[in-house]
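Enquirer: below are the sequence and a predicted model for it; my questions follow.
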Amino acid sequence: MRFGLALLLCLLAAGPAGAETLVASLSTSQVRITSNYTGSQIVVFGAIERDAQTVARAGPYQVVVTVRGPRQAVTVREKSRTGPVWINGPQQKFVQIPAYLGVFASAPIADIATPGQRGRLRIGLQASVNAPDITMDRGTEDDRFREALARLKIKELLFIEDERGTTFLTPSLFRTPVPLPVTAPPGDYEVDVTLFADGVLLARAGTSFEVIKTGFEQRLAEFSTEWAALYGLGTAAVALLFGWLATVIFRRD
């Protein structure tokens, strides 16, 4: 009895087996949108730390960096043509979909994680768009709406998947450039970094940054929110003024 208790105490004192630790940092924690903003880029840096008890891995490390922008609701409508007129047909509403979604891997995602891991961890555009909680599940009927959502976002450069977007500088140091197009909305952006080896998830780390408007753009945004009625009247007045000036300038006698 005493021997068993002593063995248990020794095992507890030994602690858990050593494993990799993942550390992630950003080149900047804030991206500012000014009047001459044409897009930007941040860089995710990462380091894999090992201790003396970390077991050797048969294959190299693989990393997937996922950047998710502020959540939004999006409605995808299917249009049909009736004679010369296009009318709205069936539609599907997506809730809590990232306004920006970037996936940057060190190798093809299918070679890094299993389908179950990709679905559970939301790794890859397909896994994120096909997640069951972003829209009402109607079986195969909503497949075309999910595909249309991904296609439109990719066209707007707001959904990106780059299977060579993460580069290892050394066997334990990596960097990931993250492009932010001019259409990237302001808000908080989450960065999720996952570390794999031999098809096994070893570690996970997270960080974040924000995109904010500054200067005149910020003041205008605040005014349009706090004084919506005045902002609307002012916009209409400016439109009428420019319309009148156009008629005066281009008027033919």
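Expert: Cool, the structure landed.
Enquirer: for this structure, name the helix or strand with the lowest mean pLDDT.
Expert: One helix or strand of the chain scores below all others by mean pLDDT, DSSP states H and E: helix 2-14, with a mean of 39.
Enquirer: okay, whichever helix or strand comes after it in CSV with CA atoms only?
Expert: As assigned by DSSP states H and E, the chain's next helix or strand after helix 2-14 is strand 21-26. Once non-C-alpha atoms are left out, strand 21-26 reads as follows in CSV (Å, rounded to 0.1, in the frame of the first residue of the first chain):
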residue,chain,number,x,y,z
THR,A,21,5.1,25.4,-27.0
LEU,A,22,3.9,27.8,-29.7
VAL,A,23,4.6,31.5,-29.4
ALA,A,24,3.1,34.0,-31.9
SER,A,25,3.5,37.8,-32.3
LEU,A,26,2.6,40.5,-34.8
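Enquirer: which other helices and strands does strand 21-26 contact?
Expert: strand 40-49, strand 187-197, strand 200-213 (3 or more C-beta pairs under 8 Å, 6 or more residues apart in numbering; DSSP states H and E). Any C-beta I mention is one placed from the backbone N, CA and C, and that applies to glycine too.
Enquirer: how about the helices in this protein?
Expert: Assigned by DSSP state H, the chain shows helices spanning 2-14, 109-112, 115-121, 125-129, 143-155, 216-226, 228-249.
Enquirer: which ones are touching residue 57?
Expert: 197-198 (C-beta atoms under 8 Å, 6 or more residues apart in numbering).
Enquirer: ok, now how distant is it from residue 196?
Expert: Residue 57 is 10 Å from residue 196, where distance means C-beta to C-beta, to the nearest Å.
Enquirer: same list, the helices and strands packed on strand 21-26, but as TSV with distance to residue 72 and mean pLDDT please.
Expert: As requested, these are exported to TSV (distance: least, C-beta to C-beta, whole Å; pLDDT from 0 to 100):
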stretch	distance to residue 72	mean pLDDT
strand 40-49	20	94
strand 187-197	9	95
strand 200-213	14	93
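Enquirer: wait, which of those is closest to residue 107?
Expert: strand 187-197 (9.2 Å; C-beta to C-beta).
Enquirer: okay, buried residues for the closest one please.
Expert: 189, 191-197 (16 or more other C-beta atoms under 10 Å).
Enquirer: just curious, which of these is nearest to residue 243?
Expert: Closest approach between the buried residues of strand 187-197 and residue 243, by C-beta to C-beta: residue 189, at 39.4 Å.
Enquirer: quick check, that closest one in contact with residue 210.
Expert: Yes: the pair residue 189 and residue 210 qualifies as a contact (C-beta atoms under 8 Å) at a distance of 6.7 Å.
Enquirer: just checking, residue 63 touches residue 172?
Expert: No: with contact taken as C-beta under 8 Å, residue 63 and residue 172 are classed as non-touching, separated by 10.7 Å.
Enquirer: who has more neighbours out of these two?
Expert: Per other C-beta atoms under 10 Å, whichever of residue 63 and residue 172 has more neighbours is residue 63, with 26 against 13.
Enquirer: need the pLDDT of the more buried one.
Expert: Looking at residue 63, its pLDDT stands at 96.
Enquirer: still on that earlier bit, tell me which of the helices and strands packed on strand 21-26 lies nearest to residue 103.
Expert: Per C-beta to C-beta, nearest to residue 103 of those: strand 187-197, 9.8 Å.
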